[in-house]
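Chemist: Need the 3D shape of this:
(chains A, B, C and D)
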There are 2 protein chains.
Amino acid sequence: MSRGISFEKHDHASCVNEALDVADQFCKAHKLQLTKVRRRVLEILLGQHKAIGAYDILAQLKAEGLGSQPPVVYRALDFLVSHNFVHKVEKLNAYVACSHSGQHHSPAFMICRMCDAVAEMQTSPKAGVFGATAREIGFEIENAVIEAEGICPSCQKDDAAQ
Amino acid sequence: MSRGISFEKHDHASCVNEALDVADQFCKAHKLQLTKVRRRVLEILLGQHKAIGAYDILAQLKAEGLGSQPPVVYRALDFLVSHNFVHKVEKLNAYVACSHSGQHHSPAFMICRMCDAVAEMQTSPKAGVFGATAREIGFEIENAVIEAEGICPSCQKDDAAQ
DNA sequence: TTTGAAAGTGTTATAATATAACAGGATTAA
DNA sequence: TTAATCCTGTTATATTATAACACTTTCAAA
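Modeler: As a prediction, the model looks like this:
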């Protein structure tokens, strides 16, 4: 299925459930607590294929009586981000569910500036020209933020149709 | 000289002046107003080889009687960023003087998490694996944020010395 | 060289994003 | 079963950023 790797349509309900299952199992295996709040925040993010702000998530939690103050959502996000269930999109100060949950990896994003969809792909920051330059000057890369803004295939079509 | 391309030491006063000269000439040539505030903000940023926050810049301006409210510094930064004299480092919500002023280009940064130094290099986002994947899925890249965190050569030495 | 338009600045107010600190409750492991 | 750890709830506040409007400066056309 490769959720989120491209901008393609897919069976959303099942992709959400699959991802939640993976998270449940990962947490069980690693003795992590996927608590009510954390699980619900992940679920909310999985429900979108775009990045959403902490306060948007908070508004949903509030409506459901699941915590009403910023620290609640930020703590849940900290947990989810630190275990790679969710990534922060720095360019947007927003958060997006991961397409490769639970595994340590180095994500890169393509962000559509028309519809706000976000697609995730994997990268190897130490490879390529960037990695080579880093080695050349002796910089030790620990992690990398890679975020491209542009227009997704679907919005290009819409644009052309006008 | 290649200011900022690596983490090397260099003649700082002259590199600041050179960069200001380049900015002056670019603005003259393009009929842009490098006003007092804008020029001073650029100068402050050039005085560092690290990214600094808008409110740190504002504090300096304030001390000099050059504008005391946030919009003053944010407007100056908008100008400087839009003409590529300065870049925003998204990961830090901070700003850094450009090493290749005035020319349209696609910067990438290496950020030292120990000393906060920032080195800029050039990239071609559409090249490499990332660009290839984008083309594959039909995503049109307009601009890219590339920011690596890690440890600069100098801090690696200091670390080893302990 | 005036004068009108555009661009820039000063200021107040507020929005949006994020964290510190501490009290209390739940879970885990000895 | 109890102590330690982790998680949640809450208040308060820090940090980053922008909207809106009045006023000034600059620029360029008449």
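Chemist: Name all residues that make contact with A:Cys155.
Modeler: With contact taken as Cβ atoms under 8 Å, 6 or more residues apart in numbering or on different chains, A:Cys155 is in contact with A:Cys112, A:Met114, A:Cys115. In this view, the C-beta of every residue, glycine as well, is placed from N, C-alpha and C.
Chemist: May I have the predicted confidence score for the closest residue to the last one other than its chain neighbours?
Modeler: Counting by Cβ to Cβ, 6 or more residues apart in numbering or on different chains, A:Cys155 is the residue found nearest to A:Cys115 once chain neighbours are left out, at 5.4 Å. Among the per-residue scores, A:Cys155 shows a pLDDT of 93.
Chemist: all helices of chain A, in order?
Modeler: Counting by DSSP state H, the segments of chain A that form helices are A:12-29, A:36-46, A:54-63, A:70-82, A:128-137, A:153-161.
Chemist: contact partners of stretch A:61-73?
Modeler: Contacts with stretch A:61-73, where a contact means Cβ under 8 Å, 6+ apart, come from A:Lys36, A:Val37, A:Arg40, A:Val41, A:Ile44, A:Ala54, A:Tyr55, A:Ile57, A:Leu58.
Chemist: quick one: pLDDT of the spatially closest residue to A:Ala144 that is not a sequence neighbour?
Modeler: Beyond its immediate neighbours in the sequence, the residue positioned closest to A:Ala144 (Cβ to Cβ, 6+ apart) is A:Pro125, lying 3.8 Å away. Model confidence at A:Pro125, given as pLDDT, is 84.
Chemist: Then A:Met1?
Modeler: A:Met1 is assigned 38 on the pLDDT scale.
Chemist: Any figure for the gap between A:Asn17 and A:Asp11?
Modeler: For A:Asn17, the distance to A:Asp11 under the criterion Cβ to Cβ, to the nearest Å works out to 10 Å.
Chemist: and stretch A:70-90, which residues are buried?
Modeler: Taking 16 or more other Cβ atoms under 10 Å in any protein chain shown as the neighbour-count basis, stretch A:70-90 is seen to contain the buried residues A:72-73, A:76-77, A:79-80, A:83-90.
Chemist: How much space separates A:Arg40 from DNA strand D?
Modeler: Between A:Arg40 and DNA strand D the distance is 9 Å, computed by Cβ to the nearest atom of the strand, to the nearest Å.
Chemist: before we move on, what about A:Ala144?
Modeler: Summarising the geometry, the distance separating A:Ala144 from DNA strand D, computed by Cβ to the nearest atom of the strand, is 20 Å.
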